[in-house]
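J.: I would like to see how this sequence folds:
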Amino acid sequence: MKFTNKYDLPSPVVAALTQDNYSKGKSNRSITQLIDSPQVSILKRTHDKEMSEDVSQRLWSVLGTAVHNMFENATEGANLISEKRYHYTHPDGWIISGAIDLIKVDEQNQTTTLMDYKCTSVWSVIFEKQEWHNQLNAYAWLIRKALLDWNAGLPAINELQIIAVLRDWKESELKRNGGNYPKAPILIIDIPLWTEAKQDEYMEGRIKLHDDAEFAHLTSQALPPCSTQEQWAKPPKYAVHKRKAKRATRVFDTEAEAKDFISQKPDDLHVEYRAGDKIRCTANWCGVNKWCDQYQVELDYERGSG
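T.: Residues are numbered from 1 along each chain as shown. Purely as a prediction, here's the structure:
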């Protein structure tokens with residue numbers, strides 16, 4: 001990865017923004033990798049030396065790391081386990097690891113709570129990312145498997161929580177909007193705990209997907225495409241147009257609503273499908289869209305050349 005400095009930031013700022021102490025330990029795969037797109041992971045690895053990023057774009061990531069470090073350094077108590085990395089050797093040979101931000105153990109009631117810190121946006125809390133559910137349940141799966149490997153144990157995991165620090169929270173917006181706007185700039189979000197069977201099914205599916213992707217890469221086949229969830233895709237829309245009109249008469253969330261509207265109107269109307277914006281792709285949040293065949297094909301199609 002190459003870094004640029006187009007805003008001519010001073011060297012101490014650049015050094016801080018480009019520092020990366022992340023390590024997945026002695027493992028082949030981290031939980032973070034497994035719950036994400038294998039296509040993105042492989043393209044990043046393949047094109048690492050060609051990738052570039054301006055240091056200014058790393059600000060929120062670095063602030064998130066700073067928040068993690070602040071909470072970690074303040075963690076005290078015999079019933080609290082901070083930033084512990086667990087490892088599990090899967091039957092297919094992969095060593096899978098994950099570091100849990102905070103584990104709270106209640107020996108008296110024999111329960112365990114897994115917590116993950118997120119420095120995130122108000123939007124993410126209001127709409128609650130599915131990836132948070134996937135990640136926390138993947139951690140629960142990992143601890144269960146790792147402790148079986150070690151013949152050691154924690155009390156049963158019964159609670160999953162996100163500690164969300166909202167970088168764009170505004171009290172004025174709370175007063176103006178109320179409703180489901182977060183009540184404070186830091187809050188606890190409860191995440192549903194899946195059954196062990198559902199956790200097993202999900203994780204075995206992710207492991208197989210990544211295994212298949214690695215085989216495809218080694219044999220020069222097409223990589224498994226990113227899902228709409230992995231593309232951060234917005235829902236599609238259905239626009240009703242008059243013939244030859246450029247602007248839509250109405251835009252609907254479902255095709256059924258659009259067709260129902262047309263059935264009550266003159267025959268010169270038609271429905272136009274509008275794909276939802278794939279935010280991660282179009283804004284290049286993945287960093288590899290220029291090398292992604294899936295994105296280039298979808299881009300050509302949207303431009304009318306597909």
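
J.: which outside residues touch the lengthiest helix in the chain?
T.: With residue count as the measure and DSSP state H as the assignment, the chain has helix 196-218 as its longest helix. In this structure, residues lying in contact with helix 196-218 by CB atoms under 8 Å, 6 or more residues apart in numbering are 29, 33-35, 38-39, 41-42, 46, 90, 92, 94, 96, 134, 137-138, 140-141, 144, 194, 221-224. C-betas here are computed from N, CA, C, even on glycine.

J.: again, only this time at 6 Å
T.: 34, 38, 42, 137, 141, 223-224 (CB atoms under 6 Å, 6 or more residues apart in numbering).

J.: Could you pull out the buried residues of it?
T.: Taking 16 or more other CB atoms under 10 Å as the basis for neighbour counts, the residues of helix 196-218 that come out buried are 199, 202-203, 206-207, 209-211, 213-214, 216-217.

J.: now swap in stretch 60-78 and tell me
T.: By neighbour count on 16+ other CB under 10 Å, the buried set for stretch 60-78 is 62, 64-65, 67-68, 71.

J.: any chance of these in JSON lines, plus distance to Gln108?
T.: As requested, the buried residues of stretch 60-78 are exported to JSON lines (distance: CB to CB, whole Å):
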{"residue": "Val62", "distance to Gln108": "39"}
{"residue": "Gly64", "distance to Gln108": "34"}
{"residue": "Thr65", "distance to Gln108": "34"}
{"residue": "Val67", "distance to Gln108": "30"}
{"residue": "His68", "distance to Gln108": "29"}
{"residue": "Phe71", "distance to Gln108": "24"}
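
J.: wait, which of the buried residues of helix 196-218 is closest to Asp268?
T.: Within the buried residues of helix 196-218, the smallest distance to Asp268 is 46.5 Å, found for Leu209 (CB to CB).

J.: re the thing from before, and the next helix or strand after the longest helix of the chain, how far from the chain's centre?
T.: For helix 196-218, the following helix or strand on the C-terminal side (DSSP states H and E) is strand 237-242. A distance of 31 Å separates the C-alpha centroid of strand 237-242 from that of its chain, computed with CA atoms, centre = their mean, to the nearest Å.

J.: Can you tell me what sits against strand 237-242?
T.: The set of residues that contact strand 237-242 without belonging to it, under CB under 6 Å, 6+ apart, is 248-252, 255, 258, 261, 268-272, 274.

J.: what lines up beside it in the sheet?
T.: Here the strand partners of strand 237-242, with direction, are listed using DSSP bridges: strand 250-252 (antiparallel), strand 269-274 (antiparallel).

J.: same question for the first one, mean pLDDT?
T.: Pointing back at strand 250-252 there. For strand 250-252, the per-residue pLDDT values average out at 92.
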